[in-house]
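In: Need the 3D shape of this:
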Amino acid sequence: MSKKSVKDHDIVLTGQYLGVVEEFLPDKQSTFTKEGKIYASKTGLINVNDKERIIEISTHQEKDRKIVKIRDIVIGVILFSRKYSVGINFYTINNKIHFNSSYFGNIHVSQISDKYIDKINDAFQITDIIRARVVEQEYNEYKLSTVGKNLGVIYADCVICGNHLTKIGYNKLKCERCGNVETRKLAIDYGNVRDNLRF
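Out: Predicted coordinates:
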């Protein structure tokens, strides 16, 4: 008789059978696989993402965790820009502040917006503060996306004089000091960010 797979919101114990790899994609932080079967690596509540067929376990300590997971929302500063991507250092993970964070992510031009972006500099500039979603882990770096209304630049300075930029349109910003106009991939709450950050 085959073992029965768990359901969403079931309580599971460490080492408990969850399902098979043909059925679910296991979460690296909360499950482990052996001979094609998925087991719990910690005790907690099962979360099943039916759309992506991902199975993971969350605990009551979830809000205090310090590791990054797929689908987390991060805020960070753009450190450098390449031809097809930008590099970001994370400062918050799910509204939790991380001082001296060693987490680092990249946004590829294809993950910036659901609209066509010709050049990276039309969407982001170095020192912009952005909100992004973690979409993939690659060794110690993370692939990020700013596709979505609530994702993108939440604070930007003028590339000419360094003054704060004011939103004047869907993707347009203007410097009140020198009059320079720039484009960005803006989060819907640019200039009015209300994230409830915690330590």
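In: CA only for contacts and neighbour counts going forward, please
Out: Noted.
In: Residue 18 contacts residue 10, correct?
Out: No - contact criterion Cα atoms under 8 Å: residue 18 and residue 10 do not qualify, at 10.0 Å.
In: Of the two, which one has the most company?
Out: residue 18 (25 against 12; other Cα atoms under 10 Å).
In: Tell me which helix or strand that one sits in.
Out: strand 17-20 (DSSP states H and E).
In: Point to the residue nearest the middle of the chain.
Out: For the chain, the residue nearest the mean C-alpha position is residue 133 (2.2 Å; Cα atoms, centre = their mean).
In: Residue 68 is in contact with that one, correct?
Out: No - contact criterion Cα under 8 Å: residue 133 and residue 68 do not qualify, at 10.6 Å.
In: In its sheet, which strands sit next to the strand holding residue 18, and in what direction?
Out: With DSSP bridges as the test, strand 17-20 is paired with strand 37-40 (antiparallel).
In: Where does residue 161 sit, in terms of helix or strand?
Out: Taking DSSP H and E as the definition, one finds residue 161 inside no helix or strand.
In: nearest spatial neighbour of it, skipping sequence neighbours?
Out: residue 178 (7.1 Å; Cα to Cα, 6 or more residues apart in numbering).
In: Over to that neighbour. Which of the three states is it?
Out: Following DSSP: H, G, I helix; E, B strand; the rest coil, the label given to residue 178 is coil.
In: Give me the pLDDT value at it.
Out: The per-residue pLDDT reported for residue 178 equals 96.
In: That one and residue 126, how far apart?
Out: Distance of residue 178 to residue 126, computed by Cα to Cα, to the nearest Å: 19 Å.
In: Ok, residue 164 next?
Out: 14 Å.
In: what helix or strand does the closest residue to residue 142 other than its chain neighbours sit in?
Out: Of all residues not flanking residue 142 in the chain, residue 105 sits nearest, at 4.5 Å (Cα to Cα, 6+ apart). Element membership for residue 105 (DSSP H and E) is strand 104-108.
In: And that strand, what does it pack against?
Out: Judged by 3 or more Cα pairs under 8 Å, 6 or more residues apart in numbering; DSSP states H and E, strand 104-108 is in contact with strand 85-93, strand 141-145.
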